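>>> here's my sequence, what's the structure:
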Amino acid sequence: MDKRVERKKLDLSSRYQALTHDLQWTTSYQPMDKVFPLLTYEGIRVHDWSQWQDPFKMTLDVWWRQQSDKERRLYAVLDAFAQNNGQIGISDARYINAVKLMLQAFAPLKYALHRAMAHSARSLPGNALSTATQLQTTELLRHAQNTVHAASVYNKYFDGMHETPRWYEQAWYLAPIKSFADDAASAGPFESLVAISFGFESLLSDTLYVPFMSAAAHNGDLSMVPAGFSGQSDVNRHKQAGIAAVKFLLEQDPENINTVQRWVDKWFWRSFRLMPMVAMLQDYMVPKHVGSWKESWDTYVEAPVEALFAELAAYGLKKPAGWHEIGRAHV
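Numbering: from 1, shown residues only. Predicted coordinates for the structure are as follows:
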């Protein structure tokens, strides 16, 4: 007689609970405020960490499988592009200047944000939220690497793509991007989470990914396109996690609303400072245009942000200060 016990396969919700919430513990040989010294630094009050729920209920085993599939598909396209001399199929050599700017600005930005999110992941005691933040941290690093790899084929044929870190440190036109990353990294763990996952990715990141990748495809760049859309699928999850994190903070304690509102006001505008570079790429630098920055703003920011804050109004959160001034500036 077979005495082996048949193990019941857990459903997705139960697996997520077991691999995140059930791993939570309270330290014994060191006090919690020493293990997590920044927990009370910003005045945020969290009474029950178990209330945090990842909208996608992502666990590490599922995440590895998904990322592995994305990497295989991406590098198959990059290899085919390189082997077939894809660089001769771009619309115009002027397009390479747009690639250079993407390489100088957004690859280092993603790497810097990866380090900032790692800081938040270490500083947050809630195991489920920390797990989601760690996954996002690794994805930001992957996005930085993929941008560099996608542009590497051009480095063999066009000058000016070397020493990207030095450009990031010294070029004056990259100062808003470096300032955003540095300030997000030096903020407290909760503010850093709101700055990156909500202020940038939930509200404005679609203007970076979708329009430029569409322009890249229209200009014959089949190297940057798969790299961008591979990252976009991750960013869609980051957006939902950022919204869930803001809701979580607002539900935990009514005193959190003033602090979170101040962060939303601040980091929306800090994120908006990154947008002129995207607008310049879209309106002036690509030889073949697929749409204007104004059209992208209306489609990917104006309507979605209005709908998002209509939902968040029930939590007491208002649209970023000065939101209507931006709308008038784009008329």
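
>>> what ranges does the stretch 101-250 of the chain have for its helices?
Here the stretch 101-250 of the chain has its helices, by DSSP state H, counting those that start in this stretch, at 127-155, 164-170, 175-186, 189-193, 206-218, 224-252.

>>> just put those helices in a markdown table and tack on mean pLDDT.
Converted to a markdown table, those look like this (pLDDT from 0 to 100):
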| stretch | mean pLDDT |
| --- | --- |
| helix 127-155 | 88 |
| helix 164-170 | 83 |
| helix 175-186 | 92 |
| helix 189-193 | 93 |
| helix 206-218 | 82 |
| helix 224-252 | 87 |
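
>>> just so I know, which of those lies nearest residue 121?
Evaluated over the helices of the stretch 101-250 of the chain, closeness to residue 121 peaks at helix 127-155, with 4.0 Å, by CB to CB. To be clear about C-beta, it is placed using only N, CA and C from the backbone, and glycine gets the same treatment.

>>> let me know the angle separating that closest one from helix 224-252.
Helix 127-155 runs at 160 degrees relative to helix 224-252, counting by axes from the mean of the first three to the mean of the last three CA atoms, to 10 degrees.

>>> packing partners for helix 127-155?
Here helix 127-155 touches helix 60-83, helix 95-123, helix 224-252, going by 3 or more CB pairs under 8 Å, 6 or more residues apart in numbering; DSSP states H and E.

>>> could you export those to JSON lines, including columns for distance to residue 272 and mean neighbour count?
Shown next, in JSON lines, are these (distance: least, CB to CB, whole Å; neighbours: other CB atoms under 10 Å):
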{"stretch": "helix 60-83", "distance to residue 272": "29", "mean neighbour count": "14"}
{"stretch": "helix 95-123", "distance to residue 272": "15", "mean neighbour count": "22"}
{"stretch": "helix 224-252", "distance to residue 272": "16", "mean neighbour count": "21"}
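
>>> got TSV for these, with distance to residue 22 too?
Listed next are these as TSV, based on distance: least, CB to CB, whole Å:
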stretch	distance to residue 22
helix 60-83	14
helix 95-123	19
helix 224-252	19
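
>>> can you say which of these is nearest to residue 40?
Of the helices and strands packed on helix 127-155, nearest to residue 40 by CB to CB is helix 95-123, at 11.0 Å.

>>> could the helices of the stretch 101-250 of the chain go into CSV alongside distance to residue 41?
Shown next, in CSV, are the helices of the stretch 101-250 of the chain (distance: least, CB to CB, whole Å):
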stretch, distance to residue 41
helix 127-155, 16
helix 164-170, 28
helix 175-186, 12
helix 189-193, 8
helix 206-218, 30
helix 224-252, 14
